[in-house]
Structure formats: C-alpha cells, structure tokens
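after the sequence you'll find the predicted model.
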Amino acid sequence: MSAVDTATPVRPRTSPAVAPRRRPGALARDTGIVLVRELRPVVRDPFSVLFGLVQPVVFLALFGPLLVGSLGGTTTGQDVLGGNVWQWFVPSILVMTTLFGTSTTGANLLFELQTGAHERMLVAPLSRSSLLVGRALKEMVPIVAQSVVVVLVMLPFGFALHPAGAVVGLALLAVFGVGIGSLSYALALAVRKQDWMFWVVQQTLIFPLMILSGMLLPLETGPRWMQVASDVNPLRYVVDAERALFAGDLAAATVGWGWVAAVATAVVGLAVGIRTMVRSTD
Amino acid sequence: MIRTRALTKDFAVGRDESRTVHAVRGIDLDVAPGELVAVLGPNGAGKTTTLRMLTTLIRPTSGTATVAGHDVVAEPDAVRHRIGYVGQGNGAGHAQHVVDELTSQGRIYGLDRRTARRRADELLESLQLDAQRTRKVSDLSGGQRRRLDVAMGLVHAPSLLFLDEPSTGLDPHNRANLWDHVLRMRADAVAATGEPMTIVLTTHYLDEADTMAERVVVVDHGQVIADDTAENLKADLAGDRVVMTVAPGAGHDAASHLADVARRVEGFREVTRTPVAGGVGHGAGAVTLDVRAERGDAYLPRLLRAADAAGVPVETAQVHRPTLDDVFLALTGRSLREAGAPDADAADSTAPAPTPERTAA
C-alpha cells in the first residue's frame, strides 16, 4: 500500500485544501461535496426519479378526466379553467410533484440520522450549513427531471408548450423546492427522537396547503373563507405563476408574485434549516 | 495526542435540575502518540459520551479536552481534520455505492478527485472490499459494512483513530477479521508515515479490551476508576486465584494447616474460601482451599515447597488467571456482566454475542 503519497496531501499543515474553514470558498466547496454526494445515487439509478412520478400520474390519469367532466363543459369551467383543462391542470401537477418530492425528502436524512451516516458527516470537517444547503440544492435535480417527463408525456394529449415560459416555470419550481426541502430537513432534525412525528406533521400540513392553493380544484367556486385562507398560502402564488408561465405569459403580475412566494419560501426554509442543523449538533 | 482535564457532561432531562443526568463527571485522561487504549465500562458508564466529546460531536459541559493538538471547543474543525472516527452505527449512506461513499469521504478531507479515487481503491483493496466496489451499501453484509466504516475512518490517514464499540453485533469470526484489518492498517500507517497511529476504542467486550488494547481505562459512573495495562490491572487489583485440594485422608486440619502455610508464602493476598470439605468436583472427602495471590505462577511453586516442608499433602493445584471482570468486581463490588443490564450477555467474555450479523440499525 502506498500510503505515503496519499497521506501527505491530507496532512493539514502542508495542504492548502484543508486550511482553516469559515471562508466563503470553503462553504461553497463543502456544499458542493454534499451536493455531489446526494446526487450520486440519483445518477447511478436515474429511474429512481420516476418513482416520484407515480402519485402525479395517478392524479393526471384519474383526477384530470373528472375535472374535464365536471368543470370542462360548464360556464364556470370556461371562465376559470380556460379552453384547455390540461393547460390549467398540468402546471398544478408540476407543483404537486415538487411539493410531494421535497416535503418527504427529510425522511432520507432521518434514515441517515438513524444509521450513523449523518453522524459520520458531523465528525468530518464540513461546515454545518453546507450539510443542509447541499442537500436542499440537490432537490432541484429531481424537480426538473420529473417536470420534463410530465410535460413530455402530456404533449400528445394537447398540452401546448411555450418553451420560454416553461424554462422560467421550472426555475421557479426549483427555487420553491429548495425552500420546502429545507423545511422538510428541518422537520426531520426536529423530530429525530420520535421519527413517526415526521409523517404526522408532513401529512397534516400538505393536504390543506394543496387544497387551499387551488391546485386541484379552482377556489373561485369555493366559499369566501377559503379564498381568504388561500391569500396567505404561498403555494397559491406559485401555482398561479406556473399557470401563467406555462401559458407563455411571462410578464403577468402573478408571475412576479410567484417569484416573491418562491424566493420567500427558499429564504425562510434555508434560514430555518441551517439554524436547526447547527443547533442539532449541540 | 489526547489530554483532558475535569471533562464533564451533564444532560438535562426536562426542566427539573434534580433529574439532570451526570454522564461524565470530571475525566482526566492523557493518551500519548501511538497508544492503543480501550475505554472499558458497563453500558451507561459514560464511555460513548466521552468519545463524543473528544470527537467534537457534543460540547463538554465543563472541563477541557485537547485532541491532536487542538481544543475541541475552540477549534473543532482542526480536530476534525486530524481524527478518524468509526461510530457505533454505519457511516456509509445506504443508497450509496461503496466506492462513491469512500470517494466522497476523501473529498471531504481535502483530497482532489483523482487522489480521492485512488485512495478509495487502495482502501477497498486492503480491506478486501474490491468485489463490493459498485455494490449499494444496503446490500453489504454486516462484516463488510463494518470494514467499510473502518475504511472511511482511515481515508485521510489520520494519526488518531476513534472506534466506538467497533465489534458490537459482529459474530466472533467477523470480530477477529475486523481486528486483523485494524491492526494491519495501523502497522501499515507506521511503515508509511513513520508516525505511530493512536487508537482509542470503547468496548464492553472484556476479551476485546484484554487482548487488543495496550492500555485499559476502566470507567464507571462517569469517572475513571482504573487506568493501566490489562496485565497490571489484573495483577494489582485482582491477583491470581490459586485453588488446591488436600488428600481426602489428610482431614480438615491439613487444610487449615495449608492455609497457615499459604499465608506465610511471599505473594499471598488473602484466603478467598476457607477450607471446605467435599468441594464440588474434587471427589468425596477432598478439602479445597482458595487463595488469592500476586503472580500465581510464581507463588504456586513456592507454596508447594513450603507445604512439602511443613508436611501438608497437597493433591491438586491450579492457577486461575483473573479476567478484567475480576478487576471490575474488585474495583466496584459489581460484576461488569451484571452492571450493564441490557447487554449483560453481550459483555460476557466467555459467551460472545450470539447475533450472527450486525443489523441495519
């Protein structure tokens, strides 16, 4: 074994790569390492990304036709859904895929907390923030991959693609997903001693958020209190923005509000996530 | 390599201060470069808590610890760079490929991509994991997973390696195999760098501490209660047990006489069992005498000569070497096997844990 030449570069005094931390470059480097580590299983097994599509496909195949049947021909439906129901519903499905994928991602961290893999990362010279940020940034990859698959599948069914809007729409989803993913990791860290709580909290929050975003059914036909509740739901602005973007309307005011909601979610999510990660180690 | 002074850790339980758990109560420990030290104690003694403070996983409540030249509270990153750590769990992510996880580990410690890859290959080869290179970690056997943990702890060729209960849950074959690898890697590190590799491990396996460690630190109730080589601990604290029988015809007086003789022979400590007639397994009428002595192997010939001179007919004589359990018993009045309630069986050195493989947990 030729440990001489490999051991020398890691000797702290001789290698600039392992100079003391807390420099901006070091945080970026650590985040990159965590991100690459998180992405490796996805790259090794790309089909794992497709498992995340089971739920959205069920909604597309079973809920979509009902939506067409119950609202498609009515006047309200014409007003709210527009001419093509898919144009209204596919952006919903993209947001739903993002929401499900990122809100459950904390379970992966929970598992690594139990096996000892996370502990090994904590003993290693990595900044605490990078452990959260790297994981959260990784969420962008499955979001974009899954969204592309959904869009491609729906094209033959009459879904019209506006490329520029679609690209901005995916970017918006990615930013939003980083925020939800961070919150999911924060939840995993917070409940690490009673791991079943993770699913209780996740399930309790996700359905009200979804329904009050107008993702599945238009809120315009709902009671007034639901419309008020949806006004404070950031998810609603993201859904509205995605619909505008996938209709090719990049300049709509709803797009601006969508960005505000997505960026706010990302900032709050990362702040809460980093704080929880740093505190979890004391 | 390690220096702690009055290292203490309290864990708050709720808001009630009276229920605070004092896990570690002022540990002073010095470990010199190149030592192989086992921290032995029952479950809940504070072994793992101490190790977690030394590896920067938790902050001490009070006291100081300098590890590899740096303070664990003031410079945790500097400490992390210099130590290797194999925890109680499995360090590799279950969804990861074996070689990927090792390469990531190398990158974390500052190796560039190519060097990290080469170092990963090197370690896979020397830990006999080449065949599992592109397997998923979740598909490995317990023994393989543990070897991968060791490989990850050694990626950056640390001069100090911590092993937290390294062989718990492994079957005897895998335990022996793991130790072969650890000791060989240690020898290789010395050969390659010229620097001795320091190893600190916690264990509740008595035989592991006894046979592997060059120095044993016995911990109980969060304090160091003994610290020496296993040989010295056994000699100083427990002493050897010498068991003799006197011929059946010689009678009870002969045994009492033998006890008197035993007391006068150099190395005598105490009579642990006064002469009993018909001791189990010694045949009808045989009288047995138990004596604790320093260096039983040297004491016995002296005793036999003295007994001959005194005309006491000794029929059989045996020397029992003490175990570390005898040491713990002498120190605390409790057996280590009983002290650690949940894993009492696992701590039994004569009956290694029956669990064939380490489970995913």
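Yep, that arrived.

quick check: closest non-adjacent residue to the residue in the stretch 1-150 of chain A positioned nearest to chain B.
Residue nearest to chain B within the stretch 1-150 of chain A (Cβ to the nearest Cβ): A:Gly116, separated by 2.1 Å. Placement of C-beta: from N, CA and C, glycine included. Nearest non-adjacent residue to A:Gly116, counting by Cβ to Cβ, 6 or more residues apart in numbering or on different chains: B:Gly89, 2.1 Å away.

residues in contact with the residue of the stretch 1-150 of chain A closest to chain B?
Applying Cβ atoms under 8 Å, 6 or more residues apart in numbering or on different chains to A:Gly116 gives the contacts B:Gly87, B:Gln88, B:Gly89, B:Asn90, B:Gly91.

repeat for B:Leu163
Contacts here follow Cβ under 8 Å, 6+ apart; on that basis B:Leu163 touches B:Val86, B:Gly153, B:Val182, B:Ile199, B:Val200, B:Leu201, B:Thr202.

what helix or strand is the last one located in?
Assigned by DSSP states H and E, B:Thr202 belongs to strand B:198-203.

could you pull up the mean pLDDT of that strand?
Per-residue pLDDT over strand B:198-203 has a mean of 92.

I'd like to know which elements that strand is packed against.
For strand B:198-203, the helices and strands in contact under the criterion 3 or more Cβ pairs under 8 Å, 6 or more residues apart in numbering or on different chains; DSSP states H and E are strand B:36-40, helix B:47-54, strand B:160-164, helix B:206-212.

dump the longest one to PDB, restricted to CA.
Spelled out, it's helix B:47-54. Below are the C-alpha coordinates for helix B:47-54, written out as PDB (Å, rounded to 0.1, in the frame of the first residue of the first chain):
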ATOM      1  CA  LYS B  47     -17.700   5.800  27.500                       C
ATOM      2  CA  THR B  48     -19.500   6.900  24.500                       C
ATOM      3  CA  THR B  49     -20.300  10.300  25.900                       C
ATOM      4  CA  THR B  50     -16.600  10.800  26.500                       C
ATOM      5  CA  LEU B  51     -15.800   9.700  23.000                       C
ATOM      6  CA  ARG B  52     -18.400  12.000  21.500                       C
ATOM      7  CA  MET B  53     -16.900  15.000  23.300                       C
ATOM      8  CA  LEU B  54     -13.400  14.100  22.100                       C
END
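
okay, the angle between it and strand B:160-164?
Helix B:47-54 and strand B:160-164 meet at an angle of 150 degrees, taking axes from the mean of the first three to the mean of the last three Cα atoms, to 10 degrees as the criterion.

helix B:47-54 vs chain A: in contact?
No - against chain A, helix B:47-54 shows no contacts by Cβ under 8 Å from any Cβ of the partner chain, the least distance being 9.0 Å.

list the contacts of that helix.
In contact with helix B:47-54 (Cβ under 8 Å, 6+ apart) are residues B:2, B:4, B:7, B:9, B:23-24, B:27, B:29, B:39-41, B:58-60, B:65, B:67, B:72, B:88, B:162, B:164-165, B:200, B:202, B:204, B:219, B:222.

tell me which helix or strand the residue nearest the centre of chain A sits in.
Geometric centre of chain A, nearest residue: A:Gly177, 2.3 Å, by Cα atoms, centre = their mean. Using DSSP H and E, A:Gly177 falls within helix A:163-190.

which elements pack onto that helix?
Helix A:163-190 packs on helix A:85-103, helix A:106-115, helix A:128-138, helix A:140-154, helix A:196-211, helix A:234-246, helix A:253-280, going by 3+ Cβ pairs under 8 Å, 6+ apart.

what about that helix, average pLDDT?
For helix A:163-190, mean pLDDT is 95.

for stretch A:41-59, same thing?
86.

which non-adjacent residue is nearest the residue nearest the centre of chain B?
The C-alpha lying nearest the average C-alpha coordinate of chain B belongs to B:Ala209 (Cα atoms, centre = their mean; 2.6 Å). Nearest residue to B:Ala209 in three dimensions, chain neighbours excluded: B:Ala38, at 4.0 Å (Cβ to Cβ, 6+ apart).

can you add distance to B:Gly110 and neighbour count and give the contacts of B:Leu163 back as TSV?
Shown next, in TSV, are the contacts of B:Leu163 (distance: Cβ to Cβ, whole Å; neighbours: other Cβ atoms under 10 Å in any protein chain shown):
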residue	distance to B:Gly110	neighbour count
B:Val86	20	27
B:Gly153	16	25
B:Val182	24	25
B:Ile199	23	24
B:Val200	23	27
B:Leu201	26	24
B:Thr202	28	26
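
now, which of those sits nearest B:Arg113?
B:Gly153 (20.9 Å; Cβ to Cβ).

surely that closest one is in a helix?
Yes - residue state for B:Gly153 (DSSP: H, G, I helix; E, B strand; the rest coil) corresponds to a helix.

for the nearest residue to it once chain neighbours are set aside, give me its contacts.
Excluding its sequence neighbours, the residue lying closest to B:Gly153 (Cβ to Cβ, 6+ apart) is B:Gly84, at 3.8 Å. If you count contacts by Cβ under 8 Å, 6+ apart, B:Gly84 has them with B:Gly153, B:Leu154, B:Val155, B:His156, B:Pro158, B:Leu160, B:Leu161, B:Phe162.

what's near enough to touch residue 186?
As the question left the chain open, I've gone with chain A. Going by Cβ under 8 Å, 6+ apart, A:Ala186 touches A:Gly106, A:Leu132, A:Gly269, A:Val272, A:Gly273, A:Arg275, A:Thr276, A:Met277.

try chain B instead
B:Arg186 touches B:Leu36, B:Leu161, B:Met197, B:Ile199, counting by Cβ under 8 Å, 6+ apart.

just the buried ones out of the residues you listed, please.
B:Leu36, B:Leu161, B:Met197, B:Ile199 (16 or more other Cβ atoms under 10 Å in any protein chain shown).

so what's the last one up against?
Translated: B:Ile199. Applying Cβ under 8 Å, 6+ apart, the residues near B:Ile199 are B:Glu35, B:Leu36, B:Val37, B:Leu160, B:Leu161, B:Phe162, B:Leu163, B:Val182, B:Arg186.

and of the residues you listed, the nearest to A:Gly214?
B:Phe162 (54.1 Å).

per-residue pLDDT, B:Thr350?
Note for B:Thr350: predicted pLDDT of 29.

then A:Gly64?
84.

and it, how many neighbours?
Counted with other Cβ atoms under 10 Å in any protein chain shown, the neighbours of A:Gly64 add up to 20.

quick check: it touching A:Phe89?
Yes - A:Gly64 is within contact range of A:Phe89, at 5.5 Å (criterion: Cβ atoms under 8 Å).
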